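J.: just coords:
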């Protein structure tokens, strides 16, 4: 028979087969097993299920003590003695001394003669040892396994109690559930993650299975949408399922994605589990003031982050910058923050050491945001977040023009969720709007060279409406918007934006800007089929000597584009232009330029009867461009490769009427193609 302290039957478990087997195996070979994880992840449910199976197979009993709810003044030690049902006078009288020995240092009864001063007796009475011996003897007789459930509010006391129990009887088996480990040498820790939502394309995961057991037959896509919004948290799924009494599943899916499940309520065995807010608040109450502030301020970060970004957002007069790293680790230890990348990894492209990266799960993020708003700090934290993202974007822009453009690409990919949020969250005022525009302009290479043209245009079009003041930053933004419009085959929009950019460049005496405008006009003319006009614009751009090599395509890129324009017209001039492009490069690591030069050479050799040489250059261009992306360019190179392979194998083919339409115009003659090949985000 299993003697549960609360006399409830052990629950069933969904989606924990691997963890169930792991805990069962550890329980057979080690004296102390601790289950850790975030609030509501199912630690207690799994522990009770494992122990129910263990006692069913091997006999014995389970002594469960719920450390968070219902402990009397004696603490976990006295509660454990009560759970054992000891009627022995010695054990009962020994309970309080044992509790004092396992309590926090410095906490005890008031000593006579010193009003207001607390302390512990001068010498520990022997009764504590008697109680431990009696309890150990009881566990041996009954083959009892001790379950210290939800140890967080008395974790230090539980650690001392467990240490004393194992000294009294090393053969004892103790299972602990808590948001963080006890930190004992004998401890084996099993960390529970949220349930997986999917197990692959079209395969529902255990989170969906758990929700389906409560909803019955339902559209799978709605179940997946709800579980993804809840990030697979078993408690959040259970609470969301209770809301189906007052709304339909489609309504629930829409609401949980937008508003969040923080205040969903439902029946539960403990008050802490009646809502996600209550579960998070219980852990928040145990944190230090510094850790609470860091938790709240981290809530403005929508994606994962490194310690530098956390320090930018969290540091202030009340939180020293040096204290943020320690707070992050403490919050990680108690399962508030997840660590998604360990420290000490090596960057595969540069060999540089990588910092750790963290993530605040949605429930903790929603709760922290509510605390931040209540404290009146939300506006300041959001402003610090946007300023930090502006610094990240500027760093990426400099890295792009440095020796390895992959560093810039990786930086933007790592910080994509944060940069997106900094660009899309409504600015608080004009200064904040300029900060967002600065991010969009600094990421020019991400939009123009890496294939995110459509997203870049959307951000710029919106932010330019908010930033009306005539500044040098706005002039650059106008050029970038016009350049992207030209790349997207929107000639009218490109012309209007570039005209406005030209006026601003003249006003600010920005000769670099005028050269960039000529380059953008050339792109517009090339897509429009006017090669002569494009060549004229590019010749104008190549005559310029760039003063700012960090922003936009410089003269080297204009030379490369000129080589592409001249390829079918004049082979010698095209080869000379390609050579000048590489000679005037800013960095040897400019893969964007390198791939463009190689593509120009491939077009030149192909147009002038050297398909084998063209094929080699085209292969190299494709490999170089794959390092930084841009599906439009890659599609063009692959189209050219297919034509060259056919030519090399079979000789030149007869002209095909279908080939009169340029390959990038997917809609055919007379049909306006949609903005092309905007690269899909990872995971979207």
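T.: Noted; the coordinates are in hand. Source: prediction; values computed, not measured. Numbers count the residues shown, from 1 in each chain.
J.: dump the residue contacts of residue 544.
T.: 511-512, 514-515, 518, 555 (C-beta atoms under 8 Å, 6 or more residues apart in numbering). The C-beta positions use only the backbone N, C-alpha and C, and glycine is treated the same way.
J.: All the strands of this protein, in order from the start?
T.: Ranges of strands in the chain, per DSSP state E, are 32-36, 61-66, 144-149, 173-177, 187-191, 198-200, 203-204, 338-341, 345-346, 353-354, 357-359.
J.: can you tell which of those strands is closest to residue 240?
T.: Nearest of these to residue 240, taken as C-beta to C-beta: strand 203-204 at 16.2 Å.
J.: What helices and strands are in contact with that closest one?
T.: Under the contact definition 3 or more C-beta pairs under 8 Å, 6 or more residues apart in numbering; DSSP states H and E, strand 203-204 sits against helix 220-229.
J.: go again using 7 Å as the cut-off
T.: Of the remaining helices and strands, none touches strand 203-204 by 3 or more C-beta pairs under 7 Å, 6 or more residues apart in numbering; DSSP states H and E.
J.: That strand: how far from the chain's middle?
T.: Distance of strand 203-204 from its chain centroid, counting by C-alpha atoms, centre = their mean, to the nearest Å, is 23 Å.
J.: now stretch 411-422
T.: Using C-alpha atoms, centre = their mean, the offset of stretch 411-422 from its chain centre is 9 Å.
J.: Stretch 234-246 now?
T.: Per C-alpha atoms, centre = their mean, the centroid offset for stretch 234-246 relative to its chain is 25 Å.
J.: which parts of it are buried?
T.: 234-241, 243-244 (16 or more other C-beta atoms under 10 Å).
J.: One more: stretch 138-153?
T.: Neighbour-count burial for stretch 138-153 flags 138-139, 142, 144-153 (criterion: 16+ other C-beta under 10 Å).
J.: Tell me how far residue 629 lies from residue 594.
T.: Going from residue 629 to residue 594 by C-beta to C-beta, to the nearest Å gives 14 Å.
J.: So which of the two has more stuff around it?
T.: residue 594 (22 against 19; other C-beta atoms under 10 Å).
J.: Excluding chain neighbours, give the residue nearest to that one in space.
T.: Among residues not flanking residue 594 along the chain, residue 624 sits closest, at 5.0 Å (C-beta to C-beta, 6 or more residues apart in numbering).
J.: mind checking pLDDT for that neighbour?
T.: You'll see residue 624 listed with a pLDDT of 83.
J.: now do the one 5 residues further on
T.: The score at residue 629 is 79. That number is its pLDDT.
J.: Number of residues surrounding residue 204?
T.: Residue 204 has 18 neighbouring residues, counting by other C-beta under 10 Å.
J.: Which of the strands of the chain comes out lowest on mean pLDDT?
T.: Among the strands of the chain, strand 345-346 carries the lowest mean pLDDT, a mean of 70.
J.: Could you list the paired strands of that one along with their orientation?
T.: strand 353-354 (antiparallel) (DSSP bridges).
J.: so residue 266 touches residue 239, yeah?
T.: Yes. Assessed by C-beta atoms under 7 Å, residue 266 is found in contact with residue 239 at 4.7 Å.
J.: picking that back up, export the contacts of residue 544 to a markdown table and tack on neighbour count?
T.: Converted to a markdown table, the contacts of residue 544 look like this (neighbours: other C-beta atoms under 10 Å):
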| residue | neighbour count |
| --- | --- |
| 511 | 15 |
| 512 | 20 |
| 514 | 18 |
| 515 | 24 |
| 518 | 21 |
| 555 | 23 |
